[in-house]
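Undergrad: Sharing a sequence plus its predicted fold:
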Amino acid sequence: MSVRVVVLGGGVGGLVAASELKARVKGAASVTMIDRKKFFEFPPSFPWLVMGDRRPEQVRRALTPLNEKGIRVLHAEIEGVDLDGKHVRTSRESLPYDYLVIALGAEYAPETIPGYSEHAHHMYDLESALQLKEAVAAFHGGKVVVGVARLLFKCPTAPYEMALLLDDRFRRLGIREKVCIDFFTPEGAPLPAAGPENGRKVVEMLEERGIVYQSKRKLKSIASGSLSFEEGNPLAFDLLVCVPPHRAPGPMVEAGLADASGWIPVDARTLETGHPGVFAVGDTTSLPTPHGYTPFLSKAGVFAHGQAEVVAHNLAVRITGRGHDKAWDGHGACFLEVSREKSAYMSGNFLAAPRPQLTFRTAGAIYHTQKVLFEKYWMRHWF
Ligand SMILES: Cc1cc2nc3c(=O)[nH]c(=O)nc-3n(C[C@H](O)[C@H](O)[C@H](O)COP(=O)(O)OP(=O)(O)OC[C@H]3O[C@@H](n4cnc5c(N)ncnc54)[C@H](O)[C@@H]3O)c2cc1C
């Protein structure tokens, strides 16, 4: 009987892990990938969806063609994991595994902020991005507030990108002078994992465009047209775009996989959890940083991708007995779209000590083009 590998999640990390592993092990292992969604959706394109520059079908792909590559795609709700019995429980069947790769991302917890569900918009899933698109299209002047409800959240650049893209949209429509844009966050500075210098550059970009930046503001509750914070004055809004609170997926917490951070601790080099043969990649993990800027690595697709490649490679080495193990090295890159034509870009080693080794490229058309190519790669390569 061949080795059984079960991959939980068909998002960025799960798709890469399942695809890379199957391509390497071929018949030596069965690979099953489980997701509640029938489609892979590409979150870096969601801000373009909000701005009306993409349609939903341009930023999602059906997962079923992966069956043709020898990956069994199971469309089901993952309900639990029995780590001792090595079984995954789903809404459709129970699956035994020899190796488990957890790539379930983060859940949102809007109910933990009073008033969030009634009054806030966000672009953190495709349906919500489409609702925000409608709200933005109907907005012709007033006060926009963009913000972050809680740390940690995925893609630390995304809310900043949204504020900058809204600014750009209102300028193009000729209504910028009728709009005030404020930004609030509990962070001390933007992109804390990238260090204070890069954070300052983001604040400069906001301030150059007249976006008022407020740091260290912890959201308490939301009422119609008004935000309350743990400290300081309330903030009025006509349109609110707020990153929802995140938490680790419930079934993984119930299985005892999360630690005091609320997320799944893993070895930074191998992504193995404390349970032998059980790996976790991407947003669902907590990965301590060796520098003091922020206790844990940010949550980003580029990390999920790199980590999934390492897990797939090392599992293939274990299963086939060929090759040598690899270690994940903390490298990553991200775009920060500032307008319809331009993007800034940052890349390097986010886990370097004593501080991250990153290069920040100021906004240019070339990085916007690179982001478009990045999207095209994702939409074609894996399907
Ligand atoms: C607006 C936005 C812009 C972004 N831009 C960038 C960017 O430019 N660059 C970048 O690197 N990152 C970006 N990100 C972050 C990136 O999308 C995530 O970090 C990445 O998707 C994480 O991959 P993952 O595999 O950990 O989780 P995900 O990709 O979220 O995949 C998790 C999968 O698990 C499934 N799932 C969860 N629970 C269950 C369950 N119980 N049963 C069945 N299925 C389940 C979900 O349906 C989902 O498909 C962005 C995110 C957002 C929201």
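TA: Here it is on my side, so go on.
Undergrad: which residues touch the residue of the stretch 1-150 of the chain found nearest the ligand?
TA: Residue of the stretch 1-150 of the chain nearest the ligand, by C-beta to the nearest ligand atom: residue 11 (1.9 Å). Every C-beta, even on glycine, is put in place using the N, C-alpha and C of the backbone. By C-beta atoms under 8 Å, 6 or more residues apart in numbering, the residues touching residue 11 are 35, 40, 41, 103, 105, 282, 304.
Undergrad: and those residues, which of them are in helices?
TA: Among the contacts of residue 11, the ones falling in helices (DSSP state H) are residue 304.
Undergrad: Using a markdown table, lay out the contacts of residue 11 together with pLDDT, distance to residue 335 and neighbour count.
TA: Shown next, in a markdown table, are these (pLDDT from 0 to 100; distance: C-beta to C-beta, whole Å; neighbours: other C-beta atoms under 10 Å):
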| residue | pLDDT | distance to residue 335 | neighbour count |
| --- | --- | --- | --- |
| 35 | 98 | 25 | 23 |
| 40 | 98 | 19 | 21 |
| 41 | 97 | 18 | 18 |
| 103 | 98 | 22 | 30 |
| 105 | 98 | 20 | 23 |
| 282 | 98 | 18 | 30 |
| 304 | 98 | 16 | 27 |
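Undergrad: Intersect the contacts of residue 11 with the contacts of the ligand.
TA: The residues of those that also fall near the ligand, by C-beta under 6 Å from any ligand atom, are 35, 103, 105, 282, 304.
Undergrad: if I look at the residue lying closest to the last one once chain neighbours are set aside, how far off is residue 29?
TA: When you say that, I think you mean residue 304. Nearest residue to residue 304 in three dimensions, chain neighbours excluded: residue 282, at 3.0 Å (C-beta to C-beta, 6 or more residues apart in numbering). Residue 282 sits 21 Å away from residue 29, taking C-beta to C-beta, to the nearest Å as the criterion.
Undergrad: phi, psi of residue 255?
TA: phi -80, psi -10 (degrees, to the nearest 10).
Undergrad: can you pull the pLDDT of it?
TA: pLDDT recorded at residue 255 is 97.
Undergrad: Name all residues that make contact with it.
TA: By C-beta under 8 Å, 6+ apart, the contact set of residue 255 is 80, 81, 82, 83.
Undergrad: Could you tell me how far it is located from residue 10?
TA: 19 Å.
Undergrad: next one: residue 246
TA: With distances taken as C-beta to C-beta, residue 246 is found 19 Å from residue 10.
Undergrad: and these two? which has more neighbours close in?
TA: Taking other C-beta atoms under 10 Å, residue 246 and residue 10 do not tie; residue 10 has more neighbours (26 against 21).
Undergrad: residues in contact with the residue nearest to residue 214 when sequence neighbours are not counted?
TA: Distances taken as C-beta to C-beta, 6+ apart put residue 184 closest to residue 214, at 4.5 Å, once the chain neighbours are dropped. Applying C-beta under 8 Å, 6+ apart to residue 184 gives the contacts 145, 146, 147, 148, 214, 215, 217, 219, 227, 229, 235.
Undergrad: if we go to 6 Å?
TA: Going by C-beta atoms under 6 Å, 6 or more residues apart in numbering, residue 184 touches 147, 214, 217.
Undergrad: can you pull up the bridge partners for it?
TA: residue 147, residue 214 (DSSP bridges).
Undergrad: Pull the number of nearby residues for residue 169.
TA: Neighbours of residue 169 using other C-beta under 10 Å come to 20.
Undergrad: So is the helix or strand where it lies next to the ligand?
TA: In the assignment (DSSP states H and E), residue 169 maps to helix 158-173. Yes: remark: helix 158-173 sits within contact range of the ligand at residue 158, by C-beta under 6 Å from any ligand atom.
Undergrad: which residue sits closest to residue 241, ignoring its sequence neighbours?
TA: Using C-beta to C-beta, 6+ apart, the closest residue to residue 241 is residue 146 (4.7 Å).
Undergrad: pretty sure that neighbour contacts residue 180?
TA: No: applying C-beta atoms under 6 Å as the test, residue 146 and residue 180 come out as separate, 11.5 Å apart.
Undergrad: ok, the two, which is more surrounded?
TA: residue 146 (28 against 17).
Undergrad: and the stretch 251-383 of the chain, which residues reach the ligand?
TA: 251, 282, 283, 284, 299, 300, 301, 302, 304, 334, 335.
Undergrad: at 5 Å instead, please
TA: Within reach of the ligand by C-beta under 5 Å from any ligand atom, the stretch 251-383 of the chain has these residues: 282, 283, 299, 300, 301, 302, 304, 334.
Undergrad: quick one, what contacts residue 123?
TA: Applying C-beta under 6 Å, 6+ apart to residue 123 gives the contacts 46, 50, 129, 132.
Undergrad: and it, which of the three is it?
TA: When classified by DSSP: H, G, I helix; E, B strand; the rest coil, residue 123 comes out as coil.
Undergrad: and what of the one 10 residues further on?
TA: At residue 133 the chain is in helix, as set by three-state DSSP.
Undergrad: So what's the residue count around the nearest residue to it once chain neighbours are set aside?
TA: Distances taken as C-beta to C-beta, 6+ apart put residue 50 closest to residue 133, at 4.9 Å, once the chain neighbours are dropped. Residues lying near residue 50 (other C-beta under 10 Å) number 27.
Undergrad: ok, residue 50 - contacts?
TA: 123, 129, 132, 133.
Undergrad: Domains in this structure, by residue range?
TA: As recorded under automatic domain parsing, the domains making up the chain are 3-106+248-331, 110-245.
Undergrad: Name all residues that make contact with the closest residue to the ligand within the stretch 151-300 of the chain.
TA: Among the residues of the stretch 151-300 of the chain, residue 282 lies closest to the ligand, at 2.2 Å counting by C-beta to the nearest ligand atom. Shown in contact with residue 282 (C-beta under 6 Å, 6+ apart): 13, 103, 304.
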